[in-house]
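*Asks:* Okay, predicted coordinates and the sequence, questions at the end:
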Amino acid sequence: FIHAGAENECKVEVECIHSESVSEENVKAKLSKFDGVLVAPGFGERGIEGKISAIKFVRENNIPFFGICLGMQCSVIEFGRNVLGLKDAHSTEMNEKTKHPVISIMEDQKGVTEKGGTMRLGAYPCELKKGTRAYAIYGKGKISERHRHRYEFNNAYLKQYEEAGMIASGVNPENGLVEIVELKNHPFFVASQFHPELKSTVVNPHPLFVKFVAASLEYSKKKN
C-alpha cells in the first residue's frame, strides 16, 4: 500500500479489522466509512463468515474490493451463496461435505499427507482475457505471479458464475486453473488466487495494488 500510495500521490491509511468481529448485523457500521476493502490471505475456517459478510457488503454497495488468495476464495463463496442461490456453497477446506464445493482441493494435492513445502508454491504463468479489467490493469495478456495455496476455484461451476457476471479474467494456460476473478458491473471488484504483494517493490509497485488504490481514491472523491 505504501508503494501504490506513492504511485497515486496519496497516503493510504490502512486499518486492520479482524474478520471474526464482522457479522451481517454490524458489517455496515464497521465498513461503511472505508474507501476500499482488501480481504487478505489466510488459512482455515477462523473468521470466514466475517470475510464473506464483508465481501457481500462491498459488492452490494459498490465499494472497491480487492481479494488475495483466501480473499478470492471467499468472494467466490459469497457470490455462489448470495447471487447464484447456492446456499450451501463453501470451500472443502472448511466444509468437506458441502453440496456446492465452489472451492475445492487441487487435483495434485489430493494425495498429499505431508504439509511442509507441498503447496502450490512459486511463480506460474497466467493468461488474461482481452476486454477484462485485469487485462487493462496489466496492459498485457501474459503475466507470471507467485502462489501459495492448496485449494482452487472449482471449474465445474465456471459457466454458471460467468453467466451471472463473475468472470474468470485470468487463467493458467497449462491446467485451466482460475487465477483472477472480477465482477462485470462493479466499479472495482478484483480478486486473485496468487499473491501480488510478493512482487511489489518501490520501483515497480504492483499494478493490482496501484489500480485498487486509484479506485479507492476515486470512490473517496465521489463520496466526499
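*Replies:* That came in fine, so what should we check first?

*Asks:* any idea of the pLDDT on His206?
*Replies:* At His206, the predicted lDDT confidence score is 94.

*Asks:* Equivalent analysis for the one 5 residues further on, please.
*Replies:* For Lys211, the model assigns a pLDDT of 98.

*Asks:* That one sits in which helix or strand?
*Replies:* Using DSSP states H and E, Lys211 sits within helix 207-223.

*Asks:* how about the helices of this structure, start to end?
*Replies:* With DSSP state H as the criterion, the chain has helices at 2-7, 27-31, 48-60, 70-82, 133-138, 158-164, 207-223.

*Asks:* Reformat those as TSV; add distance to Val178.
*Replies:* Backbone N, C-alpha and C define where each C-beta goes, glycine included. As requested, the helices of the chain are exported to TSV (distance: least, C-beta to C-beta, whole Å):
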stretch	distance to Val178
helix 2-7	24
helix 27-31	26
helix 48-60	17
helix 70-82	9
helix 133-138	11
helix 158-164	7
helix 207-223	16
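
*Asks:* Looking at those, which is nearest to Gly42?
*Replies:* Among the helices of the chain, the nearest to Gly42 by C-beta to C-beta is helix 70-82 (4.5 Å).

*Asks:* Return the closest one as CSV; C-alpha atoms alone will do.
*Replies:* Taking Å, rounded to 0.1, in the frame of the first residue of the first chain, the C-alpha atoms of helix 70-82 are listed here in CSV:
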residue,chain,number,x,y,z
LEU,A,70,-8.3,-16.9,0.6
GLY,A,71,-9.8,-13.4,-0.1
MET,A,72,-10.6,-14.5,-3.6
GLN,A,73,-12.0,-17.9,-2.5
CYS,A,74,-14.3,-16.1,-0.1
SER,A,75,-15.5,-13.8,-2.9
VAL,A,76,-16.4,-16.9,-4.9
ILE,A,77,-18.2,-18.5,-2.0
GLU,A,78,-20.1,-15.2,-1.3
PHE,A,79,-21.2,-14.9,-4.9
GLY,A,80,-22.3,-18.5,-5.0
ARG,A,81,-24.4,-18.2,-1.9
ASN,A,82,-26.0,-14.7,-2.5
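
*Asks:* between that helix and helix 48-60, how big is the angle?
*Replies:* 70 degrees (axes from the mean of the first three to the mean of the last three C-alpha atoms, to 10 degrees).
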